[in-house]
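no FASTA, just this:
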């Protein structure tokens with residue numbers, strides 16, 4: 001089950017004896033944990049009903065004893081095993097037996113990075129017990145709109161939501177923090193505007209890549225390299241920089257491909273997920289004009305090459321590999337690269 005789906009239904013759902021929270025979105029995991037605790041203990045004080053253990057050096061007997069211990073002033077107790085991948089691997093047979101005959105007074109929550117559906121343990125659990133905590137890949141802006149309304153009673157227009165995701169990235173915890181800040185700044189106003197997002201959202205790696213791409217669109221390789229150098233000197237890993245850079249470049253490549261197929265610019269940008277905020281659209285159009293069809297068509301190949309290179313396929317330093325890519329993107333277009 002998807003975490004957002006679980007959170008929507010948690011208050012009315014049937015309590016499971018075992019839950020597995022898998023994925024790498026810690027914000028969603030915290031929310032799901034809170035929802036499971038609320039579902040389990042109700043109005044009781046969770047202080048005496050919740051135990052949390054690190055999973056790297058944990059015996060199953062300790063967990064089992066805790067699960068079987070009668071709760072104090074609570075209808076049931078919750079036992080959470082954090083970073084439980086190793087715990088699950090080492091105690092899989094015991095966990096399989098436990099799922100067949102779970103405690104009547106305890107709820108076990110396993111927090112893992114991955115939980116393959118092919119295992120006997122996964123097959124023994126119902127879908128309602130397996131919660132995937134991953135940021136929605138294509139609906140993050142939509143989530144921001146709903147979250148702003150639900151948590152802060154603020155309207156977040158689509159263009160403001162798309163810009164927020166563009167600047168912060170698809171990280172729900174960071175987006176939650178930024179939305180809280182924006183809601184406070186908006187005061188009694190009923191809505192958060194795109195201009196407020198642009199002015200107030202804190203600098204992130206995605207925002208720095210946005211600056212690099214703006215310099216690319218203006219044909220300023222020196223400026224783009226200066227931003228890259230600043231990131232590297234601040235300790236950013238080249239692969240971490242490549243992530244949001246790839247995100248932006250793939251959008252450009254998609255727009256270019258759709259235009260070649262006959263779509264007009266606006267619908268092509270919509271299909272590629274380019275935010276509708278005017279400044280973003282204007283910047284994207286500049287980048288498209290600067291790159292030309294030739295380079296737009298080469299972007300997928302260049303991204304595969306540098307991704308393999310940064311993962312060990314190229315002996316050159318990561319910074320130099322990124323610099324070479326940026327220079328290819330930012331230098332003036334040659335006639336042979338197409339219009």
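Nice, thanks for sending it over. What you see is a predicted model, and the numbers here were worked out from it, not measured in a lab.

What segments of the stretch 101-250 of the chain are strands?
Secondary structure of the stretch 101-250 of the chain by DSSP state E, counting those that start in this stretch: the strands cover 106-112, 130-132.

would you turn these into JSON lines with mean neighbour count and mean pLDDT?
From N, CA and C alone the C-beta is placed, and that goes for glycine too. Formatted as JSON lines, the strands of the stretch 101-250 of the chain follow (neighbours: other CB atoms under 10 Å; pLDDT from 0 to 100):
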{"stretch": "strand 106-112", "mean neighbour count": "24", "mean pLDDT": "96"}
{"stretch": "strand 130-132", "mean neighbour count": "22", "mean pLDDT": "96"}
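
Next, format those strands as TSV and append distance to residue 81.
Converted to TSV, the strands of the stretch 101-250 of the chain look like this (distance: least, CB to CB, whole Å):
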stretch	distance to residue 81
strand 106-112	5
strand 130-132	15
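
Which among those strands is found nearest to residue 200?
Taking CB to CB, strand 130-132 is the member of the strands of the stretch 101-250 of the chain nearest to residue 200, at 31.8 Å.

What are the contacting residues of the closest one?
1-3, 6, 19-23, 32, 115, 117, 122 (CB atoms under 8 Å, 6 or more residues apart in numbering).

ok, now stretch 98-110?
Stretch 98-110 has contacts (CB under 8 Å, 6+ apart) with 15-21, 33, 36, 40, 55, 60, 63-64, 66-71, 76-81, 84, 87-88, 121, 124-125.

What subset of those is buried?
Neighbour counting with 16 or more other CB atoms under 10 Å marks 16-21, 33, 36, 40, 55, 60, 63-64, 66-67, 71, 76-81, 84, 87-88, 121, 125 as buried within those.

Now, the contacts of stretch 98-110 that are in helices?
Helix and strand membership here follows DSSP state H; of those, those in helices are 33, 36, 40, 60, 63-64, 66-68, 87-88, 121, 124.

Just give me the closest of those to residue 280.
When the ones in helices among the contacts of stretch 98-110 are compared for distance to residue 280 (CB to CB), residue 33 comes out closest, at 35.4 Å.

any low-confidence regions in the stretch 1-150 of the chain?
Applying pLDDT under 70 to the stretch 1-150 of the chain flags residues 137-138.

So in this protein, which helix runs the longest?
With residue count as the measure and DSSP H as the assignment, the chain has helix 278-308 as its longest helix.

Touching the helix or strand harbouring residue 257 from outside, list them.
Secondary structure assigned from DSSP states H and E places residue 257 in helix 238-260. Contacts of helix 238-260 from elsewhere in the structure, counted by CB under 8 Å, 6+ apart, are 169, 205-206, 208-210, 212-213, 228, 231-232, 265, 267-269, 271-274, 284, 287-288, 291, 293, 296-297, 299-300, 302-303, 306-307, 310-311, 318-319, 321-322, 329.

Would you mind getting the angle between the helix or strand following that helix and helix 238-260?
Beyond helix 238-260 in the direction of the C-terminus, DSSP H and E gives the next helix or strand as helix 265-272. Helix 265-272 and helix 238-260 meet at an angle of 140 degrees, taking axes from the mean of the first three to the mean of the last three CA atoms, to 10 degrees as the criterion.

Also compute the angle for helix 265-272 relative to helix 278-308, please.
Note on geometry: by the same axes, to 10 degrees, helix 265-272 and helix 278-308 are set 50 degrees apart in direction.

Now find how far off-centre helix 265-272 is within its chain.
With CA atoms, centre = their mean, to the nearest Å as the basis, helix 265-272 stands 23 Å off its chain's centre.

Could you do stretch 237-246 as well?
Between the centre of stretch 237-246 and the centre of its chain there are 14 Å (CA atoms, centre = their mean).

No further questions, thank you.
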